[in-house]
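Student: below: sequence and its predicted model.
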Amino acid sequence: MEQQKEPVLKREIGAAGLGLNAINLTIGSGVFVLPAIVAANLGRTAFIAYLLCGLLVILIMLCYAEIGSKVTTSGGSYAYIEKAFGSFAGFLINTLFWFGFSALSDAAVVNALADMLAIWFPAFTVLYIRIIFFILLFGLLSFINVRGVKQGSNFASAATLIKLTPLILLVILGLFSISADNLTVKTWPSISAIGETSLVLVFAFMGIETALNVSGEIKNPAKTIPRGIFMGVFGVLVIYLLVQLVSQGVLGDQLSSHKEAPLASLGIRLIGPIGGTIMLVTAVVSMFGMLSGDVLASSRLLFAASKDKLLPGFLSRIHPRFATPYWSIIVYCLIIIVLASSGGFKQLATLASSSVLIIYLAVVLAMIRLRYKKDDSTTKGFRVPGGMIIPLLAVCTICWFLYQVTWPEVKAIGIFFVLLTAIYFINSFIKNNRISSPNK
């Protein structure tokens, strides 16, 4: 009798799907509040912060494109760091990514989503109603993503197009209502003001790298990953710049006074009350789409760590019919539900932002190491031009941002790493004892 083959992941994601998912994972709730926040600090020179952040993200994503085109297994940042520095470093970054960044970010976003729904349905302010909502939402996302990576990717792409359409229409309408005087720069901001604002704004560009967590399911990764990533980077930058341009050009100096919902205020100015409603609905769809894309991508981190025996083995099981890591998807969604039910939006978002800077730094260092490490499996693929100039610029940039992290955040991350280190070595000790112990 012929032995039944073990199910494997399918490579079905192309450059367009990867690029759209990268845009979807990055443009979540931030675009609906950022214009006012940036305008409050920089006024009419807000575009400087966007260009600066865009440049910095491009430096980092160039490094991601190189290492992502060579290390093509599922896991994204975790797979790259594990390949370069070994299982201990991989375990730390894997856990920091899916728990310290992705899960905490999703928990914060879904709480913001519930708060927005509470504008129409006050029942969403009641805790048990919110918990039921979290369960139903992530139950639906689990179902969609377990059914197949193609279905999950297509759903995320559809959600991206749905949420971008009203934004694009708002930009088109706004371009005909811009007042040139609202865009005329009269005074230039200080370097410190630009730096402070960029520190806040750069977090709005984070999420593109999460799309690479499904590297094991991307078609022809050596070509698809660089193309998809740069589609995502430039797409995000163009959308942010256009939204800021129209918001500033139409609302002028009043933009900074609409900190809670600047795009809703812009919609009301351009279309009337229905415009504000449309933008609020778009914000809800945007957050929902981002959550859908992250369940697709970040659940693969648990799958990859389980395959490397860093997490329980059942998390690496692949569904015999749908060829998806179904237990990783289900467990990841359950963890988000628990975190979301505990609340604490500000603390969750702050820790997530600090965590991703550490992940970026580790990935850039991994790219540098693998470039000079003699290994046939990492010699092919995209190569960042200019030798070491771009990787070193990326390292310096990330270190500058990490320098801005507050002491309480540093302590929280430090405690997190100490706990993870203890868990790793205790687990290794137990496994070694099992191997060395004779069978009874």
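Tutor: Cool, the structure landed. All figures in this text were calculated on a predicted structure; none of them were measured in a lab. Numbers count the residues shown, from 1 in each chain.
Student: which parts of the stretch 101-250 of the chain are helices?
Tutor: When assigned using DSSP state H, counting those that start in this stretch, the helices of the stretch 101-250 of the chain occupy the ranges 104-117, 127-146, 149-175, 180-183, 191-201, 221-251.
Student: buried ones in the longest one?
Tutor: Of the residues in helix 221-251, those with enough neighbours to count as buried (16 or more other CB atoms under 10 Å) are 221, 224-233, 235-237, 239-251. From N, CA and C alone the C-beta is placed, and that goes for glycine too.
Student: my read: residue 46 touches residue 39, true?
Tutor: Yes - Residue 46 sits in contact with residue 39 when judged by CB atoms under 8 Å, with a separation of 5.4 Å.
Student: okay if I get the helices of the stretch 101-250 of the chain as a markdown table plus distance to residue 266 and mean pLDDT?
Tutor: Shown next, in a markdown table, are the helices of the stretch 101-250 of the chain (distance: least, CB to CB, whole Å; pLDDT from 0 to 100):
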| stretch | distance to residue 266 | mean pLDDT |
| --- | --- | --- |
| helix 104-117 | 17 | 81 |
| helix 127-146 | 28 | 89 |
| helix 149-175 | 7 | 74 |
| helix 180-183 | 12 | 82 |
| helix 191-201 | 19 | 73 |
| helix 221-251 | 5 | 82 |
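Student: nearest to residue 66, of those?
Tutor: Residue 66 sits nearest to helix 221-251 of all those, at 8.1 Å, using CB to CB.
Student: which other helices and strands contact that closest one?
Tutor: Using 3 or more CB pairs under 8 Å, 6 or more residues apart in numbering; DSSP states H and E as the contact criterion, the elements in contact with helix 221-251 are helix 15-26, helix 34-42, helix 46-70, helix 149-175, helix 180-183, helix 262-271.
Student: check the offset of that helix from the chain's centre.
Tutor: In this view, helix 221-251 has its centroid 14 Å away from the chain centroid, taken as CA atoms, centre = their mean, to the nearest Å.
Student: sorry, back to before: so which of the helices and strands packed on helix 221-251 is the most surrounded?
Tutor: Counting by mean count of other CB atoms under 10 Å, helix 15-26 has the highest mean neighbour count of the helices and strands packed on helix 221-251, with a mean of 26.
Student: pretty sure residue 394 sits against residue 365.
Tutor: No - counting by CB under 8 Å, residue 394 stays clear of residue 365, with 9.6 Å between them.
Student: between the two, who's got more neighbours?
Tutor: residue 394 (27 against 20; other CB atoms under 10 Å).
Student: nearest residue to residue 195 other than its sequence neighbours?
Tutor: With CB to CB, 6 or more residues apart in numbering as the criterion, residue 195 has its nearest non-adjacent residue at 7.9 Å, and that residue is residue 404.
Student: next: residue 95.
Tutor: Excluding the flanking residues, the one nearest residue 95 by CB to CB, 6+ apart is residue 420, at 5.5 Å.
Student: please apply the same query to residue 40.
Tutor: Counting by CB to CB, 6+ apart, the nearest residue to residue 40 once its immediate chain neighbours are dropped is residue 256, at 3.9 Å.
Student: ok, the one you found - contacts?
Tutor: Shown here is residue 256, whose contacts under the criterion CB atoms under 8 Å, 6 or more residues apart in numbering are 36, 39-40, 43.
Student: relative to residue 265, how far out is it?
Tutor: As judged by CB to CB, to the nearest Å, residue 256 and residue 265 stand 11 Å apart.
Student: please apply the same query to residue 166.
Tutor: From residue 166 across to residue 265, the span is 15 Å (CB to CB).
Student: just to revisit the earlier point, between the contacts of residue 256, which is nearest residue 54?
Tutor: Taking CB to CB as the measure, residue 54 lies nearest residue 39 of the contacts of residue 256, at 17.4 Å.
Student: what's in contact with stretch 127-143?
Tutor: When contacts are taken as CB under 8 Å, 6+ apart, the neighbours of stretch 127-143 outside the stretch itself are 110-111, 114, 117, 123-124, 288, 291-292, 295, 329-330, 333-334, 336-337, 340-341.
Student: which ChimeraX command selects the buried ones in these?
Tutor: To isolate in ChimeraX the members of these that are buried, counting by 16+ other CB under 10 Å, one can use:
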select :110,111,114,117,124,288,291,292,295,329,330,333,336,337,340,341
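Student: per-residue pLDDT, the residue nearest to residue 314 when sequence neighbours are not counted?
Tutor: Using CB to CB, 6+ apart and skipping the chain neighbours, the partner closest in space to residue 314 is residue 327 (5.2 Å). Residue 327 is assigned 91 on the pLDDT scale.
Student: do the same with the one 5 residues further on
Tutor: Among the per-residue scores, residue 332 shows a pLDDT of 92.
Student: quick check: mean pLDDT of the host helix or strand of residue 79?
Tutor: Assigned by DSSP states H and E, residue 79 falls within helix 77-85. Looking at helix 77-85 alone, the average pLDDT works out to 85.
Student: off-centre distance for that helix?
Tutor: Using CA atoms, centre = their mean, we find the averaged C-alpha position of helix 77-85 to lie 18 Å away from the chain's own average C-alpha position.
Student: other SSEs contacting that helix?
Tutor: With contacts defined as 3+ CB pairs under 8 Å, 6+ apart, the packing partners of helix 77-85 are helix 87-95, helix 273-307, helix 345-372.
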